[in-house]
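Trainee: give me a 3D structure for the following:
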Amino acid sequence: MQKEIPINRLAQQQLGGLNIQEKLRELTRLNQLWHTHVDIDLVKHTKIANFRDNRLIIAVANPMWITRLRYSIPDLFKKLRKEKEFADLERIEWYIEPSTENPLEKRRAPIKLTSSNALLLEETASGINNDKLKSALQALAKNK
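Mentor: Predicted structure coming up:
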């Protein structure tokens, strides 16, 4: 039977002995260093997720940016190891962390019709026999 481990001890083990606020400060500092050494386009799509056991773990937006990251790793390795925080860096790993934004939820700004376009829609609607289409055009015309 396995011995139960308190959650706070387990969390500290996973955080490398740091408390959550210290780990957050460390990751923020490391990400600032990351930004100084990484190409500006790559910075927008990557972030340091963790640095543990001499492994730098990078969260990447999608596979295309992983490819860009992989091509950059030899150069990054040299640059980062010059920083005292990354002096013991042995390996750079990555994983895909898709954006939390759902592209289907993005809303377009409502379209503002000019008065002349609204008038054209009204005139077009008045000459249509199909009631559904006619009411749809009239509703659009009122959306000024």
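
Trainee: please enumerate residues in contact with the strand or helix carrying residue 75?
Mentor: Counting by DSSP states H and E, the element that carries residue 75 is helix 63-81. Helix 63-81 is touched from outside by 33, 37-39, 41-42, 45-46, 56, 58, 60, 86-87, 89, 92, 94, 96, with contacts defined as Cβ atoms under 8 Å, 6 or more residues apart in numbering. Bear in mind the C-beta positions are built from the backbone N, C-alpha and C, glycine included.

Trainee: any buried residues in that helix, and which?
Mentor: 65, 66, 68, 69, 72, 76, 80 (16 or more other Cβ atoms under 10 Å).

Trainee: and for stretch 38-55?
Mentor: For stretch 38-55, by 16+ other Cβ under 10 Å, it's 38, 42, 45, 46, 47, 48, 49, 50, 51.

Trainee: quick one: end-to-end length of that stretch, please.
Mentor: Its start and end residues considered, stretch 38-55 measures 17 Å (Cα to Cα, to the nearest Å).

Trainee: centre of the chain versus that stretch, how much separation?
Mentor: Here stretch 38-55 is found 12 Å from its chain centre; the criterion is Cα atoms, centre = their mean, to the nearest Å.

Trainee: helices of the protein, start to end?
Mentor: 7-14, 20-37, 40-43, 63-81, 115-126, 131-142 (DSSP state H).

Trainee: where among the ones you listed is average confidence lowest?
Mentor: Of all the helices of the chain, the minimum mean pLDDT falls on helix 7-14 (a mean of 64).

Trainee: what separation do you get for the residue positioned nearest the centre of the chain and residue 60?
Mentor: Central residue of the chain (Cα atoms, centre = their mean): residue 99, 3.7 Å from the mean position. Distance of residue 99 to residue 60, given as Cβ to Cβ, to the nearest Å: 11 Å.
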